[in-house]
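**Student:** fold the following, please.
(2 chains)
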Amino acid sequence: EAAVTQSPRNKVAVTGGKVTLSCNQTNNHNNMYWYRQDTGHGLRLIHYSYGAGSTEKGDIPDGYKASRPSQENFSLILELATPSQTSVYFCASGEGLGGYEQYFGPGTRLTVL
Amino acid sequence: SQWGEENLQALSIQEGEDVTMNCSYKTYTTVVQWYRQKSGKGPAQLILIRSNEREKRSGRLRATLDTSSQSSSLSITGTLATDTAVYFCGGSSALGRLHFGAGTQLIVIP
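**Tutor:** Below you'll find the model as predicted:
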């Protein structure tokens, strides 16, 4: 039973459309993260959260919003999707910040046309 | 801010060989984590090594951390075809955010 799940797994969106990526974790971790992964860049942090109701900007937050309505759920929202946001998005959870392991979901492949 | 200097590299070796992958970093780092990502999957942690542990082993894996040269390495002994994956390191201070390098694509030929 996967501890971090993401939905959808694949998404095709149109430029200017709204996209919501969802993440659920059953690890009971306080911290959750959204990354994007592009060839040559590795994993880059978009937003993260310390717990329900909190969201923090990561290294590349422009064009993205995040929502953490509960301990288990963390969403990434693209209000006006652009082709440059075509990427693979990963959600992760962890007990704390850098000194702790992060547990990743399977990823969502997003294509913005 | 950029943590690591590496670009995505590729290594192709024969099954049974040993391999070492390296990672260098620019910013203050006291914890390094190595992750493996198989094709189509999310990353999974292999080893976490702290600045007071110059070396850490787990099965066929060995990680080192040299804070004076700001570098870390991951060695795999007796590679298997199932070790084919992207390996990347991430670093942070103990309470800071984790930053990742671009990784190394390892291909192990059976």
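**Student:** got phi/psi on residue B:81?
**Tutor:** phi -60, psi -30 (degrees, to the nearest 10).
**Student:** so how many other residues sit close to the nearest residue to it once chain neighbours are set aside?
**Tutor:** Distance criterion C-beta to C-beta, 6 or more residues apart in numbering or on different chains; nearest residue to residue B:81, sequence neighbours excluded, is residue B:110 at 4.3 Å. C-beta here means a position set from N, CA and C on the backbone, and glycine is covered the same way. Around residue B:110 there are 9 other residues, counting by other C-beta atoms under 10 Å in any protein chain shown.
**Student:** how about the residue of chain A at minimum distance from chain B, what does it touch?
**Tutor:** Nearest residue of chain A to chain B: residue A:98, at 2.4 Å (C-beta to the nearest C-beta). Under the criterion of C-beta atoms under 8 Å, 6 or more residues apart in numbering or on different chains, the neighbours of residue A:98 are B:31, B:91-98.
**Student:** what's the strand or helix carrying residue B:48 packed up against?
**Tutor:** Assigning secondary structure by DSSP states H and E places residue B:48 in strand B:44-50. Under the contact criterion of 3 or more C-beta pairs under 8 Å, 6 or more residues apart in numbering or on different chains; DSSP states H and E, strand B:44-50 touches strand A:102-104, strand B:31-37, strand B:55-58, strand B:61-66, strand B:71-76.
**Student:** rerun at 6 Å
**Tutor:** Where contact means 3 or more C-beta pairs under 6 Å, 6 or more residues apart in numbering or on different chains; DSSP states H and E, strand B:44-50 is packed against strand B:31-37, strand B:55-58, strand B:61-66.
**Student:** returning to that earlier point: could you check how far the residue nearest to residue B:81 is from chain A?
**Tutor:** From residue B:110 across to chain A, the span is 26 Å (C-beta to the nearest C-beta, to the nearest Å).
**Student:** check residue B:92 too.
**Tutor:** As judged by C-beta to the nearest C-beta, residue B:92 and chain A stand 2 Å apart.
**Student:** quick check: which of the helices and strands packed on strand B:44-50 is buried the most?
**Tutor:** Stretch with highest mean neighbour count among the helices and strands packed on strand B:44-50: strand B:31-37 (a mean of 24; mean count of other C-beta atoms under 10 Å in any protein chain shown).
**Student:** what's the mean pLDDT across it?
**Tutor:** On average, the pLDDT along strand B:31-37 is 95.
**Student:** need phi/psi at the residue of chain A closest to chain B.
**Tutor:** Dihedral angles (degrees, to the nearest 10) for residue A:98: phi -60, psi -30.
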